[in-house]
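Asker: pasted the sequence and its predicted model underneath.
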Amino acid sequence: MKPFETFSGIAAPLIRMNIDTDAIIPSREMKSVSKQGLADGLFSDWRYESVESRKENKDFILNQSPFNKATILLSGRNFGCGSSREHAVWALSEWGIKVIIAPSFGSIFYNNCIKNGLLPITLDENKIDLLESFVSIDPLKNQLSVDLASRIISFGTETIEDFPIGTKDRESLINGLDEIEQTLDKISLVNDFETSHKAKNPWL
């Protein structure tokens, strides 16, 4: 997992409530357990006029320039609700999304984001409205910047400060360590415990 500290990019406003994981990537698009090859199926029911032909729906925001190069997603309440499929986060990441900003998230989806290096930011709807208005003027020029260490979002001359994120989640993203890597980071302590435990309990 790559460390996340500061990031700037084009933000696409996909302001819809209750975007569930089946909308993010329908089950028919999940043909393996690999993290690779899922971007093509991202939002496939919305991105394509026909799922079979893959003809793009020009009205869908991520098919419109420059939002087709977006790395930040603005969305509505309860983003990532529904089933617990981790493929939803994998598809977003492979497509290029690094940050999702919404008023609330499905709890399992939120945790899956943290585990896969994607930053979910919870903001009030009025603040998301400000960001949407800013990027809509000139989305290619008016990019958003996110400083995770300082918990600041910068847009133009303005900032949104102290966006909420748990200390453990923030450190995990900044250090680029998922749960397995966090355990391996303390492998010497684990080894010391095992040695001590075996010495005290030789019958085990």
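Answerer: Okay, I see it. Worth saying up front: this structure is predicted, and the values here are computed from it rather than measured.

Asker: where in this structure is pLDDT low?
Answerer: Counting by pLDDT under 70, the chain contains low-confidence residues at 178-187, 189, 191-193, 195, 197, 204.

Asker: pretty sure Asp124 sits against Pro103.
Answerer: Yes: here Asp124 reaches Pro103: they are 6.5 Å apart, a contact under Cβ atoms under 8 Å. Bear in mind the C-beta positions are built from the backbone N, C-alpha and C, glycine included.

Asker: more neighbours: which of the two?
Answerer: More crowded of Asp124 and Pro103, by other Cβ atoms under 10 Å: Pro103, with 17 against 10.

Asker: what sits against the most centrally placed residue in the chain?
Answerer: A centroid search over the chain (Cα atoms, centre = their mean) returns Leu118, at 3.4 Å, as the residue closest to the centre. Applying Cβ atoms under 8 Å, 6 or more residues apart in numbering, we find Leu118 in contact with 89, 92-93, 97-100.

Asker: span of stretch 83-101 from start to end?
Answerer: Start-to-end span of stretch 83-101 (Cα to Cα, to the nearest Å) is 20 Å.

Asker: quick check: buried residues in it?
Answerer: 85-101 (16 or more other Cβ atoms under 10 Å).

Asker: same check, this time on stretch 1-17
Answerer: Buried residues in stretch 1-17 (16+ other Cβ under 10 Å): 1, 4, 7, 9-15.
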